[in-house]
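Enquirer: would you be able to build a 3D model of this:
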Amino acid sequence: EVQLQASGGGLVQAGGSLRLSCVASGFTFDDYIIGWFRQVPGKEREGVSWICMSDGSSDYLDSVKGRFTISRDNAKNALYLQMNSLKPEDTAIYYCAARQIGPQQYRYWGQGTQVTVSS
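Expert: So this is what the prediction gives:
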């Protein structure tokens with residue numbers, strides 16, 4: 001059974017930092033791209049960052065470039081999102097999701113973790 005478990009959210013003041021973690025099980029990590037998404041109630045979900053678990057290539061949403069860093073630990077089947085210089089507009093529920101490498105949809109989703117940034 002494929003499972004993605006996200007954690008690390010919380011309440012932080014603007015300018016602060018949080019580190020999100022996503023631990024995966026039930027699939028071969030190296031064959032997948034894992035991404036972080038976020039959603040605010042009433043708004044569309046947006047992709048924040050993704051990383052290819054085989055070669056480490058990654059990309060970011062423009063608004064988080066330079067502030068967020070995605071990383072992986074294949075030995076632990078874990079994915080991280082270091083979020084620095086947080087802004088109130090980063091407030092959302094953050095989800096990790098996985099898809100196979102190639103033109104595939106994100107098939108597996110973890111439960112969300114709430115990130116709240118106060119001004």
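Enquirer: for S85, what are its contacts?
Expert: Taking C-beta atoms under 8 Å, 6 or more residues apart in numbering, we find S85 in contact with 15, 17, 67. C-betas here are computed from N, CA, C, even on glycine.
Enquirer: who wins for neighbours among those residues?
Expert: R67 (15 neighbours; other C-beta atoms under 10 Å).
Enquirer: and the pLDDT at the closest residue to that one other than its chain neighbours?
Expert: Computed as C-beta to C-beta, 6 or more residues apart in numbering, the closest residue to R67 that is not its neighbour in sequence is S85, at 4.6 Å. S85 carries a pLDDT score of 98 in this model.
Enquirer: could you say which helix or strand holds S85?
Expert: Counting by DSSP states H and E, no helix or strand carries S85.
Enquirer: ok, the contacts of S85 vs S49, which is closest?
Expert: Nearest to S49 out of these is R67 (C-beta to C-beta; 10.7 Å).
Enquirer: wait, the closest one touches N84, no?
Expert: Yes: here R67 reaches N84: they are 5.3 Å apart, a contact under C-beta atoms under 8 Å.
Enquirer: show me what the most centrally placed residue in the chain is bridged to.
Expert: Central residue of the chain (C-alpha atoms, centre = their mean): W36, 2.5 Å from the mean position. For W36, the beta-bridge partners under DSSP bridges are S49, C96.
Enquirer: over to T113?
Expert: Listed by DSSP bridges, the beta-bridge partners for T113 are Y94.
Enquirer: just the one 5 residues further on next, same as before
Expert: With DSSP bridges applied, S118 shows beta-bridge pairing to Q13.
Enquirer: neighbours of it, just the number please.
Expert: Using other C-beta under 10 Å: S118 sits among 11 other residues.
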